[in-house]
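1. Just the structure for this:
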Amino acid sequence: MSEIERELDHLNRLARTLDSRFVLPGTSIRFGLDTLIGLVPGIGDTLVAAPSAWIIWRGHRMGIGKRHIARMVANSAADYVIGLVPVIGDLFDVGFKANLRNVAILQEQLNARKQAQSAVQPETGALA
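-> Numbers count the residues shown, from 1 in each chain. As a prediction, the model looks like this:
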């Protein structure tokens, strides 16, 4: 497993913890620490903005394009701003799952980069 794959796996685990770690008993509704901590008025949503920013920063460090970073920032900003609204923000957190969306963007872009690199590299093998 490459370093980028390990990093992506780590970010995916973080996103699942933040967005879908728990199941509401008797339903298929998943929620994470983002929703639970976001219930704390005033500071909850601000606290969980830090790991969301970490995911975006790591994507930047992995060389994800500006357009995709902007999408990730928009996801996290929507999660933060709407999350500030009592009750409605908490329900939004359960459904939107910004961190999982952001990791999906990372994975999509890294897979596209990997495919592009493999298409450019010449095949190795015996000459006929």
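2. Which stretches in this protein count as strands?
-> Under the criterion DSSP state E, the chain contains strands at 22-23, 30-31.
3. Need the winner for burial among those.
-> Each of the strands of the chain was assessed for mean neighbour count using mean count of other C-beta atoms under 10 Å. The highest is strand 30-31, with a mean of 18. Where C-beta positions appear, they are placed from N, C-alpha and C, glycine not excepted.
4. Note down every partner strand of it and its orientation.
-> Next to strand 30-31 in the sheet, as set by DSSP bridges, lie strand 22-23 (antiparallel).
5. Other residues contacting the partner strand?
-> The contact list for strand 22-23, computed with C-beta atoms under 8 Å, 6 or more residues apart in numbering, reads 29, 30, 31, 32, 36.
6. Now tabulate the strands of the chain in TSV and tack on distance to residue 121 and mean pLDDT.
-> Compiled in TSV, these are given as follows (distance: least, C-beta to C-beta, whole Å; pLDDT from 0 to 100):
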stretch	distance to residue 121	mean pLDDT
strand 22-23	43	97
strand 30-31	40	96
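7. Adding distance to residue 43, write these out as TSV.
-> Converted to TSV, these look like this (distance: least, C-beta to C-beta, whole Å):
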stretch	distance to residue 43
strand 22-23	21
strand 30-31	19
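8. out of those strands, nearest to residue 115?
-> Put simply, out of the strands of the chain the one that sits nearest residue 115 is strand 30-31, at 30.2 Å, with distance taken as C-beta to C-beta.
9. How far off centre is that closest one?
-> Computed by C-alpha atoms, centre = their mean, to the nearest Å, the separation of strand 30-31 from the middle of its chain amounts to 15 Å.
10. Contacts made by that strand with the rest, please.
-> Residues outside strand 30-31 that contact it (C-beta under 8 Å, 6+ apart): 19, 20, 21, 22, 23, 24, 93, 94.
11. before we move on, back to that, closest to residue 112 out of the strands of the chain?
-> Put simply, out of those the one that sits nearest residue 112 is strand 30-31, at 27.4 Å, with distance taken as C-beta to C-beta.
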